[in-house]
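K.L.:
coords below, sequence missing:
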């Protein structure tokens, strides 16, 4: 039985109907790098001091590097 095998890597078609723009905004930090930077800065102003970044395993190292360059570096 496949239970939540899509987590962190892709959206399972059977679960797609549950993923709405409102759900994404409420539970994720997603978008272009500039949008993510803006959202993280806003959250930091609100007192958030940490976040979690989970990349799909097949691209984890490349995505972490891209995220560091596009998001973390501009915030430094």
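P.N.:
Structure received. Since this is a predicted model, take the numbers as computed values, not measurements.

K.L.:
the helix ranked longest in the chain - contacts with which helices or strands?
P.N.:
In the chain, with assignment by DSSP state H, the single longest helix is helix 33-45. Secondary structure elements in contact with helix 33-45, counted by 3 or more Cβ pairs under 8 Å, 6 or more residues apart in numbering; DSSP states H and E, are helix 73-75. Glycine gets a C-beta too; all of them are placed from N, C-alpha and C.

K.L.:
centre of the chain versus the helix it packs on, how much separation?
P.N.:
Remark: helix 73-75 is offset 17 Å from the chain centroid, using Cα atoms, centre = their mean, to the nearest Å.

K.L.:
how about stretch 40-50?
P.N.:
15 Å.

K.L.:
now stretch 43-55
P.N.:
11 Å.

K.L.:
now do the end-to-end distance for that stretch.
P.N.:
End-to-end distance for stretch 43-55: 21 Å, by Cα to Cα, to the nearest Å.

K.L.:
rounded mean pLDDT for it, please.
P.N.:
Averaging pLDDT along stretch 43-55 gives 91.

K.L.:
same thing with stretch 17-24?
P.N.:
88.

K.L.:
please work out which residues outside it touch it.
P.N.:
With contacts defined as Cβ atoms under 8 Å, 6 or more residues apart in numbering, stretch 17-24 is touched by 11, 30.

K.L.:
also stretch 39-51?
P.N.:
Residues contacting stretch 39-51 (Cβ under 8 Å, 6+ apart): 29, 31, 71, 75.

K.L.:
my guess is the third one contacts residue 37. True?
P.N.:
Yes: the pair residue 71 and residue 37 passes the contact test of Cβ atoms under 8 Å, sitting 5.7 Å apart.

K.L.:
related to what we said a few turns ago, among the contacts of stretch 39-51, name the buried ones.
P.N.:
29, 71 (16 or more other Cβ atoms under 10 Å).
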